[in-house]
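Novice: coords please:
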Amino acid sequence: MKPVLLESTDYHDLRSTWFRASHEPGLFVVEGRSDIVQQELRKLSMHWQDQAIRLVLDDAYHTLPFIYQLNPVHPIDDLVACKNALLRFHRAGWAPGPRKWILVEVVSGLHPADLGAIHHLLYRQKLKDVSVLLFFHQYPVSVNLPQHVSRLAISLVRDTPEHTRRLLNEQLRMAGRHDEAEGKQQRKALALYNRLAWILLCKSDNHLRYRACFRFFSQNAIFQQLSASQQAILWFELGQLLTKNGDDYDAARECYAHVRAVLEHEELDEVYRIGKEAALDNGEALIEMQEGHISRAIELEKRAGMRIRELPPGPDRHVFQIQTALNIAGLQIRAGLLMDAETTLIAGEKLCTGVYSGWLGHILQLKVSVYQQLGEQELEYKMLIQVLRMKTGSIPSKLLQRSIEMAGVLIQQGEEERAAEVYRLLIAGLPATNLKQIRLIRQALSSLGTESPAATATQHQLTLKLELQLDTWEQFKHWHEGRESGWAMHS
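Specialist: Here you go, the predicted model:
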């Protein structure tokens, strides 16, 4: 796949198709002179306005990675915020909102992490009606490092943990200089906070470091130099890690007790305090669940829900309420309180309207599980069909497996047409990375004998389209590798 030249008639034709209502979304690659690329991107941004998001990618240390630039607030100098942004993307992808165009100016080349993120959006997440437009500068351009770009955030995505450690050590060393410099204490506290956060978050099989961190946080006077919010975040992260690894639940509880003590500081506002208290309830509920105390875990989650209702109305409160409903329902299902779980999910479903409709799929998937365990096949089938019709492009493996199992049960019961509907929706809803499963599902559907020639042809065309998407991506990667190596030879 070669890029379209910006000053060619091919680009003019391509641009015309973008402005049509019938435009087919996907990946588009353009190449042109630097000044013309920037001018064209300004025009497209003005034309699409809030439907477009514009990003700039350069060599690894000139611009923030693709994932961070998608965030409304770019995480830069807080290691935990950077980590959370990465986790959110890998777990849930990107929520486009009203945006349908991702305009990317590629000054030099794309880092593997940026390539991976673009692939995730287009072929794993399957965003509806969203296109990625890559505008490459035709010739290498030397760009100075902007002052606002932090090497710390970049290193988390683009380099090894060891490189991040070196950057953090340098940051801490530099922060200790110039005793009279304005803001020295804040810089030193941030550098220390990030260095401690790295020890917590880096991948390592040595879990003894958590106990060492616990002693350091508890006993070392240097830890008290951090702000109240920084201390609370680190204690909370340590509690989460101790819970996750199952090393020491008592120590995890003690971490959360330290957070609660820190939250008494006057410098923290009430909204921050309430949010953290709710997060602590959630953390302690996880401990109780892992110890088998489901009833106590449900009580804690409900307490978190009551705290969240104290927050001022707004997006944060609304999302927290949905997440709490999901947490409570999950615990109720685990405890066998299926009717209670159904009631919780119905209440949660009412919250998933408007801009929050993206959460509806999570609610409905749990309802599928409830009806499955209740043995309510008809209700389960209806709920399953509703979830699959949403075409979110992110059908979890458990839901995919249950869908195929349900189709098999229906076939055994002589309900071939209803089984066929499950297969059809899976074929239409799965993203390109599930092409292997899509082919197998098509074979199963074909064997039922329920499809008309026209429907079979449509499914065949869809499969070909997905094959073409993946093939186009491989061609693009091959072109990009050649471009990178060509530049390396001339640099």
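Novice: Quick check, residue 421 in contact with residue 385.
Specialist: Yes - using C-beta atoms under 8 Å, residue 421 is in contact with residue 385, at 6.6 Å. Every C-beta, even on glycine, is put in place using the N, C-alpha and C of the backbone.
Novice: of those two, who's got more company?
Specialist: Between residue 421 and residue 385, counted using other C-beta atoms under 10 Å, residue 421 has the larger neighbour count: 20 against 16.
Novice: Distance check, that one against residue 95.
Specialist: 29 Å (C-beta to C-beta, to the nearest Å).
Novice: contact partners of the helix or strand bottoming out on mean pLDDT in the chain?
Specialist: When each helix and strand of the chain is scored by mean pLDDT, DSSP states H and E, helix 151-158 comes last, with a mean of 82. With contact meaning C-beta atoms under 8 Å, 6 or more residues apart in numbering, helix 151-158 is reached by 60-61, 64-65, 67-68, 74-77, 79, 82-83, 86, 111, 113, 163-164, 167-168, 171, 194.
Novice: how about the spatially most central residue of the chain, what does it touch?
Specialist: In the chain, the centroid-proximal residue (C-alpha atoms, centre = their mean) is residue 89; its distance is 1.8 Å. The contact partners of residue 89, taken as C-beta under 8 Å, 6+ apart, are 67, 70, 117, 120.
Novice: Most widely separated two among those residues?
Specialist: Greatest spatial distance in the contacts of residue 89: 70 and 120, 10.8 Å, computed using C-beta to C-beta.
Novice: Report the secondary structure state of residue 55.
Specialist: strand (DSSP: H, G, I helix; E, B strand; the rest coil).
Novice: gap between the closest residue to it other than its chain neighbours and residue 114?
Specialist: Leaving out its chain neighbours, the residue that sits closest to residue 55 by C-beta to C-beta, 6 or more residues apart in numbering is residue 69, at 4.5 Å. Note on residue 69: its distance to residue 114, by C-beta to C-beta, is 9 Å.
Novice: anything in contact with each of the two?
Specialist: Contacts common to residue 69 and residue 114, judged by C-beta under 8 Å, 6+ apart, are residue 57.
Novice: So for these two, which sits in the more crowded spot?
Specialist: The residue with more neighbours, out of residue 69 and residue 114, is residue 114; 23 against 18, by other C-beta under 10 Å.
Novice: and whatever helix or strand the more buried one lives in, which residues are buried?
Specialist: Secondary structure assignment for residue 114, by DSSP states H and E: helix 112-119. Within helix 112-119, the residues that qualify as buried are 113, 114, 115, 117, 118, 119, counting by 16 or more other C-beta atoms under 10 Å.
Novice: List the contacts of stretch 8-19.
Specialist: By C-beta under 8 Å, 6+ apart, stretch 8-19 touches 4, 5, 23, 24, 28, 30, 47, 101, 131.
Novice: Inside strands: which ones of these?
Specialist: Of those, the ones assigned to strands by DSSP state E are 4, 5, 28, 30, 101, 131.
Novice: Which two among those are spaced furthest apart?
Specialist: 5 and 101 (20.2 Å).
Novice: just to revisit the earlier point, looking at the contacts of residue 89, which is nearest residue 176?
Specialist: residue 67 (31.5 Å).
Novice: what about that closest one, helix or strand, and which?
Specialist: Judged by DSSP H and E, residue 67 forms part of helix 66-70.
Novice: mean confidence score for that helix?
Specialist: The average pLDDT within helix 66-70 is 93.
Novice: List the contacts of it.
Specialist: 53, 55-57, 63, 74-76, 82, 85-86, 89, 94, 102, 104, 113-114, 117-118, 153, 157.
Novice: Would you mind checking those for buried ones?
Specialist: Judged by 16+ other C-beta under 10 Å, buried ones among the contacts of helix 66-70: 53, 55-57, 63, 74-76, 82, 85-86, 89, 94, 102, 104, 113-114, 117-118, 153, 157.
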